[in-house]
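[1] What follows is a protein structure lacking sequence information:
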């Protein structure tokens, strides 16, 4: 259960102010249909994070050894630094009413925008760290939903209440802690 809770916490914190959360706000203000947006986020995140957790788990099985443990530790520390950099929505985000409907537009947009995103990279590292694809993917998906459902329902008001600067610092501390934890385990 540790892998589920750690994964949920890491991604929920890292997602605040992330470009996918900004995308959720944009989609919510554009379409004004929260249920299909939330379902689209859920489906996209489950697919994306299951693949990411599987990739991390397989990579750790294939590349086992002390040097790989150090690589995981360094990746978490790098994520700490990356978490401090504010995200902004790219100019090529989906626009208009979407000819594929709200659900499919959200699913495709979220899946694609999540590629290479810090929460996806964190999911890969968590998959490598915990070797439990199901619980890591469930945890990271839970974390994404915890961060994005309020963004869908409350839109831009959420970003005005939560000072993103402090959230980024908190996320950086969580990633740094995971990196230190992984480094200590690599020394054993």
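    Yes, it's here. Not measured: the values here are computed from a predicted model.
[2] so how far is stretch 60-68 off the chain centroid?
    23 Å (C-alpha atoms, centre = their mean, to the nearest Å).
[3] The chain: helices as residue ranges?
    Using DSSP state H, the helices found in the chain span residues 2-15, 19-31, 34-62, 66-83, 101-114, 118-130, 133-154, 156-161, 164-187.
[4] Tell me where this protein is predicted with low confidence.
    For the chain, applying pLDDT under 70 flags the ranges 64, 83, 86-99, 156, 158-164, 167-168, 171.
[5] So which residue is smack in the middle of it?
    Nearest to the geometric centre of the chain sits residue 119, at 2.6 Å (C-alpha atoms, centre = their mean).
[6] wait, doesn't it sit right on residue 139?
    No - between residue 119 and residue 139 there is no contact, the gap being 11.5 Å when judged by C-beta atoms under 8 Å. Using the backbone N, CA and C atoms, a C-beta is placed for each residue, glycine as well.
[7] Pull up the overlap in contacts between those two.
    Counting by C-beta atoms under 8 Å, 6 or more residues apart in numbering, the residues touching both residue 119 and residue 139 are residue 11.
[8] about what we covered before: kindly compare burial across the helices of the chain and name the winner.
    Most buried of those by mean neighbour count (mean count of other C-beta atoms under 10 Å) is helix 118-130; its value is a mean of 26.
[9] and the angle from that one to helix 66-83?
    150 degrees (axes from the mean of the first three to the mean of the last three C-alpha atoms, to 10 degrees).
[10] So which elements touch helix 118-130?
    Under the contact criterion of 3 or more C-beta pairs under 8 Å, 6 or more residues apart in numbering; DSSP states H and E, helix 118-130 touches helix 2-15, helix 34-62, helix 66-83, helix 133-154, helix 164-187.
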